[in-house]
Each structure stands twice: as C-alpha cells, then as structure tokens.
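Asks: A structural model of the following input is requested.
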Amino acid sequence: MPKTLQKSWIALFALILGLLVPMTASAGEATDTVKAKQAQLFDLVAQPKSEARQSKLQTLFDSMLAYDRFAKGSLGDEWDARSDAEKKRFTELLTELVRNNYKRNLKKMLDYQIAYSAEETDGEATIVKTLAKHKSDARAPELEIDFRLETIGGTLKVVDIVTEQASLVKTYRVQFLKILRKKGFDKLISKMQKKLDKLKAKET
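Replies: This is a model prediction of the structure:
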C-alpha cells in the first residue's frame with residue numbers, strides 16, 4: 001500500500017476511534033471554584049463545633065453564595081411588590097436559612113465521595129454537575145447535585161443548587177408564595193423566623 005494511502009487510513013482510523021471514545025468534560029473555572037469551596041466547607045464541617053469554625057463557615061458561604069439572587073428568585077413576581085424594608089428583612093432571614101440548611105446537608109454528605117462530572121453553559125450561567133456516591137454503602141443511591149453559577153461583580157457565585165433535578169430556588173418559591181398569597185408577607189416572615197429558631201435550637 002502506498003505510504004500516502006496508508007497515512008490516510010491511519011488518520012481515518014484515529015478519527016473514528018476518537019469519535020467512539022466518550023469525551024471527558026474538562027474542568028473549567030466554575031468547577032474549580034465549586035470544588036475548592038466545597039473541599040474547604042467539608043473540612044470545616046468535620047471539625048468540632050466552635051465559634052471560630054462557625055465564623056469561618058459563614059465567611060466561606062458568603063464568598064460562595066449569591067444570597068440576593070436566592071431571595072429574588074424565591075419570591076418570583078412578588079419581589080417587585082415588596083418595599084425595600086421588606087426585601088431587606090426577607091433576604092436577611094433567607095440568608096440565615098440557606099447557610100443553616102447548607103451546613104446541615106454538608107454534614108450528611110461527609111460519608112459521600114463527590115465526583116465533578118461535567119461543566120455546561122446555560123445562557124449567562126454555568127452549571128457544575130456533580131455525582132455523590134456513598135463511600136461504604138453500595139446500596140445507597142447516587143445523588144446528582146448541580147451548582148448553577150453566574151459572574152456577579154466579577155466573581156463567580158452560586159445562584160441555585162439543583163438536587164436530583166429539584167431546584168432549591170424553585171422549591172423555596174413554591175413554599176413561600178403559597179404562604180404569602182394566602183396569609184400575607186408578615187405571616188411569611190413569622191414562619192421563616194420560627195423555622196430558623198428551631199434550626200438554631202437543634203444546634204445548641
């Protein structure tokens with residue numbers, strides 16, 4: 001076989017082989033950001049309780065999560081109807097609820113191995129897809145947890161977390177709007193405060 005023809009066949013075979021091999025998603029800036037923050041959070045959560053640990057956790061959460069976006073998304077169309085004072089109070093309570101729930105979920109995930117499986121673009125957002133597998137219980141189902149990030153003020157921040165296709169922001173929105181439209185904003189704030197108080201009581 002002529003060398004030129006042989007080279008053509010080799011090139012074609014290499015191309016076909018390349019198409020048959022699954023492509024591995026390359027990690028990007030968003031994946032690196034989530035991976036680094038999560039590693040620090042897991043390390044802190046595993047440490048004994050202390051004021052220093054709590055302060056470091058809060059600092060990390062604040063650097064990672066876009067609370068204002070969580071708040072606005074959680075109220076949907078009702079956000080614009082609220083006064084500045086109402087928006088401020090709602091955001092303050094939601095911020096504490098998000099921090100507390102995130103911390104509790106991190107503790108539950110200490111027994112899981114987290115694999116960063118893919119990074120996708122969705123408009124202005126970047127989706128970091130992860131797969132959590134239990135370290136010792138082979139029968140435990142794997143969990144798909146996706147982080148939705150956007151660049152805010154020049155920094156990549158998480159604007160939503162989707163667990164098993166359930167959006168945290170949408171879940172909050174369904175719960176909050178049901179209360180708000182039936183019983184009013186003050187009742188919603190009251191329920192949020194009571195929920196937060198219960199969560200804090202469990203920690204003491």
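
Asks: Check the residue nearest to residue 185 when sequence neighbours are not counted and give its pLDDT.
Replies: Excluding the flanking residues, the one nearest residue 185 by Cβ to Cβ, 6 or more residues apart in numbering is residue 86, at 6.0 Å. C-betas here are computed from N, CA, C, even on glycine. At residue 86 the predicted local confidence, pLDDT, stands at 97.

Asks: And the one 3 residues further on, by the same measure?
Replies: Looking at residue 89, its pLDDT reads 97.

Asks: Also residue 16?
Replies: pLDDT, read off for residue 16, is 35.

Asks: same check, this time on the one 10 residues further on
Replies: What the model reports for residue 26 is a pLDDT of 49.

Asks: What of the one 10 residues further on?
Replies: In this model, residue 36 is scored at 95, pLDDT.

Asks: How about residue 109?
Replies: Looking at residue 109, its pLDDT reads 93.

Asks: What of residue 202?
Replies: For residue 202, pLDDT reads 78.

Asks: Give me the next element, helix or strand, following the longest helix belonging to the chain.
Replies: When the chain is parsed with DSSP state H, its longest helix is helix 84-108. Per DSSP states H and E, the first helix or strand lying C-terminal to helix 84-108 is strand 112-122.

Asks: Any buried residues in that next one, and which?
Replies: By 16 or more other Cβ atoms under 10 Å, the buried positions in strand 112-122 come out as 112, 114, 116, 118, 119.

Asks: Render the CA-only coordinates of that strand in CSV, please.
Replies: In CSV, the C-alpha atoms belonging to strand 112-122 read as follows (Å, rounded to 0.1, in the frame of the first residue of the first chain):
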residue,chain,number,x,y,z
TYR,A,112,-20.2,10.5,50.2
GLN,A,113,-17.5,10.8,47.6
ILE,A,114,-18.1,13.7,45.3
ALA,A,115,-17.2,13.4,41.6
TYR,A,116,-17.3,16.6,39.4
SER,A,117,-18.7,15.1,36.2
ALA,A,118,-19.3,17.9,33.8
GLU,A,119,-19.5,21.7,33.3
GLU,A,120,-22.1,23.1,31.0
THR,A,121,-23.1,26.6,29.8
ASP,A,122,-26.8,27.8,30.1
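
Asks: Just list the residues touching residue 162, thanks.
Replies: Applying Cβ atoms under 8 Å, 6 or more residues apart in numbering to residue 162 gives the contacts 145, 146, 147, 148, 168.

Asks: In which helix or strand does the fourth one reside?
Replies: Element membership of residue 148, judged by DSSP H and E, is strand 143-152.

Asks: Quick check: the residue positioned nearest the centre of the chain vs residue 190, distance?
Replies: By Cα atoms, centre = their mean, the mean C-alpha position of the chain lies nearest to residue 161, the distance being 3.2 Å. Noted for residue 161: a distance of 26 Å to residue 190, by Cβ to Cβ, to the nearest Å.
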